[in-house]
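*Asks:* coords below, sequence missing:
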């Protein structure tokens, strides 16, 4: 240890290394009555700067305080009714969430004016409202939640600790509370099961008697309006309350599979039954019985009670195996009668395209996929040979000056014969007409011969009207053809009339000329 020598009060001198400490000559002191110690240069220590060392912790603390202020929310700030001043964002988020979870919801009973599903609803809650002890749940019991992290971050961005102008500004950030439906319903069911009636989903099944998918309607259930709980919790959170009263309001609970939604699926399936089959072009060449199509379809019930369906490839294959016999055919040419413009008047022999079915190895699988997508029309892989249709135009010309009738096919005369037209005063009208009616036999005239037209002829054969009451027909009562004889009609020999009746279809053009 270094020894100190008494010395007069004076500034300390430097101490030299390895020098011994000796008393100073008293005669040299300015105040001989005062003793002081002088540290020889050899052993004198350097001055300790204690003030500097004491100041460092204070500076560090100051820096730490400044740094902390950069992460804290300003005093006086509230988030959802919770004072979060001086907290970090994380701490503020936790505080808000905890406040909501612990907020008490005191159930005061059902509203007597709102009754759903009769007396069974609201009974236990109504009784609870008249008892001395109310029923209580916590926010956590109802699955209440709020985006506390976002709220805290918003509070910090608006009112950071370092901005002293925001201190005690009472900045408030409003929350939006949510309630988990399943959690809240489960908690309320335990308290008051009488308030809840489960809804019944609509159902669907194939009715073999009508070969139709039929729907059994849904039945609504009953429950509690959860929005009143959510609203009450939000109000409590904003106002800083830790307890809130809520009156239960019964409400209708719709079935998850409604009548309308299931009916839409049934309609889709019934449309499939209506139009299912194997098509060549737009022709349903091989229709399939409704019950058979229904046997291909398997209904599945989804989690929400709605329906989906698939089709059985193996069952479809049984019908696919019969397709060649039903589809393949030779071409059949046709014959048609037309007017001079080419419009069809009659089909003598209908033409039919020839068909040859292609590869069917993938038809069943492809059709099963289509049916599951609601597409009932399957177009077959078919090679078609178009039928040839022979068209023959026919028309009739009556020449009054010649008293002759001409039959034309494709512009060529195929027959002509003498006729008898109207006598003077009952002249046959000229013009271009068409056959509008055909009768194999008809009585003509008036049995009362004193009345117009003053004649009566029974069983007139092969009548073909072309201009009002003027007609081409056979005449059995005379054989004076080539001369006018009628009351305006065109009389024909019986054999010719029968031939024209069969030869000329409805709509055949009749030209009467001179």
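*Replies:* Ah, there it is. Here the structure is a predicted model, which means the values were calculated and not measured. Numbering: from 1, shown residues only.
*Asks:* point out where the protein drops to low pLDDT.
*Replies:* When residues are selected by pLDDT under 70, those of the chain lie in 1-69, 109-134, 169-173.
*Asks:* domain parsing for it?
*Replies:* Listed by automatic domain parsing, the domain ranges of the chain are 72-255, 275-387, 391-513.
*Asks:* for residue 261, which of the ones you listed is the nearest?
*Replies:* domain 275-387 (5.9 Å; CB to CB). To be clear about C-beta, it is placed using only N, CA and C from the backbone, and glycine gets the same treatment.
*Asks:* could you tell me the end-to-end distance of the closest one?
*Replies:* Start to finish, the residues bounding domain 275-387 are 26 Å apart (CA to CA, to the nearest Å).
*Asks:* now do the host helix or strand of residue 457: everything it contacts.
*Replies:* Here residue 457, judged by DSSP states H and E, is contained in strand 456-467. In this structure, residues lying in contact with strand 456-467 by CB atoms under 8 Å, 6 or more residues apart in numbering are 429, 431, 433-449, 471-477, 492, 494, 497-498, 500-501, 504, 510, 512.
*Asks:* for stretch 484-502, buried residues please.
*Replies:* Under the neighbour-count criterion of 16 or more other CB atoms under 10 Å, stretch 484-502 has 484-493, 496-497, 499-501 buried.
*Asks:* cool, stretch 146-164 as well?
*Replies:* For stretch 146-164, by 16+ other CB under 10 Å, it's 146-148, 151-156, 158-161.
*Asks:* hang on, the earlier thing: restricted to buried residues, select the contacts of strand 456-467 in PyMOL.
*Replies:* One line in PyMOL is enough to select the buried ones among the contacts of strand 456-467; burial here means 16+ other CB under 10 Å:
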select buried, resi 433+435+438+442+444+445+471+472+473+474+475+492+497+500+501+504+510+512
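*Asks:* returning to that earlier point: for the buried residues of stretch 146-164, give me CSV that also has distance to residue 319.
*Replies:* Formatted as CSV, the buried residues of stretch 146-164 follow (distance: CB to CB, whole Å):
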residue, distance to residue 319
146, 60
147, 58
148, 63
151, 65
152, 67
153, 65
154, 66
155, 70
156, 71
158, 72
159, 76
160, 76
161, 79
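*Asks:* tell me who's in contact with the closest residue to residue 187 other than its chain neighbours.
*Replies:* The shortest distance from residue 187 to any non-neighbouring residue, by CB to CB, 6 or more residues apart in numbering, is to residue 141 (4.6 Å). Contacts of residue 141 were listed using CB under 8 Å, 6+ apart, and they are 105, 183-184, 187.
*Asks:* quick one: residue 141 is in a helix?
*Replies:* Yes - membership of residue 141 in a helix is supported by DSSP: H, G, I helix; E, B strand; the rest coil.
*Asks:* for it, give its distance to residue 233.
*Replies:* Relative to residue 233, residue 141 is positioned 11 Å away (CB to CB, to the nearest Å).
*Asks:* also residue 221?
*Replies:* For residue 221, the distance to residue 233 - CB to CB - is 24 Å.
*Asks:* do the same with residue 203
*Replies:* On the measure of CB to CB, residue 203 and residue 233 end up 38 Å apart.
*Asks:* looking at those two, which one has more neighbours?
*Replies:* residue 233 (25 against 17; other CB atoms under 10 Å).
*Asks:* do a quick rundown of the strands in the stretch 51-200 of the chain.
*Replies:* 78-79, 82-83, 104-110, 135-138, 144-145, 172-173, 178-179 (DSSP state E, counting those that start in this stretch).
*Asks:* list the contacts of the last one.
*Replies:* Going back to what we said before, that points to strand 178-179. 142-146, 226, 229-230, 233.
*Asks:* the fifth one now?
*Replies:* Outside strand 144-145, the residues that touch it by CB under 8 Å, 6+ apart are 97, 100-101, 103, 177-180, 230, 233.
*Asks:* thinking again about what came up before, in JSON lines, list the strands of the stretch 51-200 of the chain along with mean neighbour count and distance to residue 395.
*Replies:* Output for these, formatted as JSON lines (neighbours: other CB atoms under 10 Å; distance: least, CB to CB, whole Å):
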{"stretch": "strand 78-79", "mean neighbour count": "26", "distance to residue 395": "98"}
{"stretch": "strand 82-83", "mean neighbour count": "20", "distance to residue 395": "101"}
{"stretch": "strand 104-110", "mean neighbour count": "19", "distance to residue 395": "90"}
{"stretch": "strand 135-138", "mean neighbour count": "16", "distance to residue 395": "95"}
{"stretch": "strand 144-145", "mean neighbour count": "22", "distance to residue 395": "89"}
{"stretch": "strand 172-173", "mean neighbour count": "19", "distance to residue 395": "95"}
{"stretch": "strand 178-179", "mean neighbour count": "17", "distance to residue 395": "85"}
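*Asks:* quick one: closest of the ones you listed to residue 368.
*Replies:* With CB to CB as the yardstick, what comes closest out of the strands of the stretch 51-200 of the chain is strand 178-179 (44.0 Å).
*Asks:* how far off centre is the closest one?
*Replies:* 27 Å (CA atoms, centre = their mean, to the nearest Å).
*Asks:* just give me the residue closest to the centre of this structure.
*Replies:* Geometric centre of the chain, nearest residue: residue 261, 10.3 Å, by CA atoms, centre = their mean.
*Asks:* all good on my end, thank you.
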